[in-house]
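Participant: Show me the folded form of this:
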Amino acid sequence: MGRLRVLVTGATGFLGGRLCARLAEDGGGLADEVEVTATGRRRDKGAELEALGCRFVAADLADRAAVMALCEGQDLVVHSGALSSPWGRYEDFYRANVIGTESVLAGCQAQGGARLVHVSTPSLYFDGREAWNLHEDSPLPRPRTSYIATKRIAEERVGEAVSEGLEAIILRPRGLYGPGDPAIFPRIVAALEAGRLPILGRGDNLADITYIDNVVDALLCAARAGPEAVGKIYNITNGDPVPLWPLVDRLADELRLARPRWRLPVPVALVVAWLLEVLHSTVVRGGEPRMTRYSVAVLARTITLDIGAARRELGYAPRVTTLEGFERYLTWLKSQRAG
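Facilitator: Here you go, the predicted structure:
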């Protein structure tokens, strides 16, 4: 299969780091020899990637000249770099998610034959209501957060580049978790430790999330996909939604923390979250509210995605079930806390 040169942005983050590790381990089945260039802001994580055999270059994706240089000579670019948070300044999200993507697109276009796999988000579907089996062509409502708004613009920029001849594929993986998870379950653990996590709503909503290694598999599937996948968007999950609150109870039990006991109706939670958002926007001006309207909806509503297109057209087949992945995460988490 020859040699393949791959650039991974966001390589010091959760997904980018795991992809780099996989490529360094066995090439991900992409080629006999894979040369990985990893870029991100965290030099400590960069040193870990170098120890795996990757070439690490610290860079700000908003620096177009630096990104153009990184893209030079690459056959494949996986753009997983982004600012992902339910709270923050729009300017920061725009710089990271829009300007950063524009830099990557310029670098790929200058290379001519380079393929881009762009990591987007199914949060674009979010309108605060329950939704089942959303398809890639489901209507996109008005963005509810700065993160969603800027990721939508970034997708539009990729679409424009495709119309100009760029070979790009967009993935929308939902709710990444697993060993090393920096966001989803750590937020729940923090709320459990503080005794501030109520059961939101009825408590019977489903979690349609994605184990980290399954997302890496999806990225590799997109990298290998034929020309018929170019320009398309694919939802990515484990494909087996499970009830959320039993997972929270299990997490509390394993960490010897109190389970959530009291219930908070969703309308009340949304009002509380709105007040906290106003407080942080006008008075506190720093940090993240303990609760946002987005986080309330995520914890209280069922939102599931249809991944049929990824299965059929990319050959994506989730290897790790939601519950198996959760057990792996628990094992890792307990070892970290014990250490």
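
Participant: Remind me which helix or strand the nearest residue to residue 197 once chain neighbours are set aside belongs to.
Facilitator: In space, and not counting its chain neighbours, residue 197 is closest to residue 191: 3.8 Å by C-beta to C-beta, 6 or more residues apart in numbering. C-betas here are computed from N, CA, C, even on glycine. Secondary structure from DSSP states H and E places residue 191 in helix 184-193.

Participant: elements contacting that helix?
Facilitator: strand 176-177, helix 244-254, helix 322-338 (3 or more C-beta pairs under 8 Å, 6 or more residues apart in numbering; DSSP states H and E).

Participant: Tell me the buried residues in it?
Facilitator: 184-185, 187-189, 191-192 (16 or more other C-beta atoms under 10 Å).

Participant: Can you add pLDDT and distance to residue 307 and give these back as TSV?
Facilitator: What follows is the buried residues of helix 184-193, written out as TSV (pLDDT from 0 to 100; distance: C-beta to C-beta, whole Å):
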residue	pLDDT	distance to residue 307
184	91	19
185	94	22
187	91	25
188	94	24
189	95	28
191	92	29
192	94	30
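
Participant: With respect to residue 214, which of those is nearest?
Facilitator: Set against residue 214, the nearest of those by C-beta to C-beta is residue 184 (14.4 Å).

Participant: Residue 112 - how many residues pack around it?
Facilitator: Using other C-beta atoms under 10 Å, residue 112 has 9 neighbouring residues.

Participant: which is the next helix or strand following the helix holding residue 191?
Facilitator: Trace forward from helix 184-193 with DSSP H and E and the next one is strand 199-200.

Participant: gap between that next one and the chain center?
Facilitator: 24 Å (C-alpha atoms, centre = their mean, to the nearest Å).

Participant: again, but for stretch 262-276
Facilitator: Using C-alpha atoms, centre = their mean, the offset of stretch 262-276 from its chain centre is 26 Å.

Participant: Report the buried residues of that stretch.
Facilitator: 264, 266, 269-270, 272-273, 276.

Participant: How about stretch 170-183?
Facilitator: So for stretch 170-183, counting by 16+ other C-beta under 10 Å, buried means 170-181.
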